[in-house]
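Student: quick one: sequence and predicted model below, then my questions.
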Amino acid sequence: MSGKKVKNDAPVIENRRARFDYFIHDTLETGIVLDGTEVKPIRAGNCSIGEGYVKVEISPPRLLLFGMTVGEYQPAGSRQHVSDRARTLLAHRSEIEKLHRQVMQKGMTIVPLRLYFKNGYAKVLIGVAEGKAAHDKRESIAEREAKRDMDRAMSRRL
């Protein structure tokens, strides 16, 4: 054993809005292809996946992440990356085909849920999602407020 401990204090970039706007049916952890100047801003938390969505291409089978914005890395100078380009997600062919079959159903889409680092590699957790109607969102808000009220009551009791 080398005694070397790797600290994984890179931030987890969440798409909190996705769970409010969509019912998440199935999730998949995928890798992501990044340029060299994109890694440091993501580790610093200078990234947004809130407007992101994933498209499935059939030939060749691949997943493309659109709408993800990565901030600039100042020391890169003129060799800066394009902040809002389409990024390729890495998954097995069978997983891509399964996602394609699910998305072909009416009202289904693929959204990024979380961006994080695992063993030094950037990973994106994507989910097959179905859009919520306005009354479903009101139910989510009501459940959240009821839970908050119960937590308050329990904390006062203790």
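Tutor: Alright, I've got the coordinates.

Student: surely Leu115 touches Ala18?
Tutor: No. Judged on CB atoms under 8 Å, Leu115 makes no contact with Ala18 at a distance of 12.0 Å. Heads up, the C-betas are built off the backbone N, CA and C, glycines and all.

Student: which one of these two has more residues nearby?
Tutor: Leu115 (25 against 20; other CB atoms under 10 Å).

Student: beta-bridge partners for that one, please?
Tutor: Beta bridges link Leu115 to Ile13, Val124 when assigned by DSSP bridges.

Student: distance check, it against Lys40.
Tutor: Distance, Leu115 to Lys40, using CB to CB, to the nearest Å: 14 Å.

Student: got it, and Arg62?
Tutor: Counting by CB to CB, the separation of Arg62 from Lys40 is 26 Å.

Student: His25 and Gln102 touch, don't they?
Tutor: Yes. Look at His25 against Gln102 with CB under 8 Å: they come within range, at 7.5 Å.

Student: mutual contacts of the two, please.
Tutor: Residues touching both His25 and Gln102 by CB atoms under 8 Å, 6 or more residues apart in numbering: Met108, Val128.
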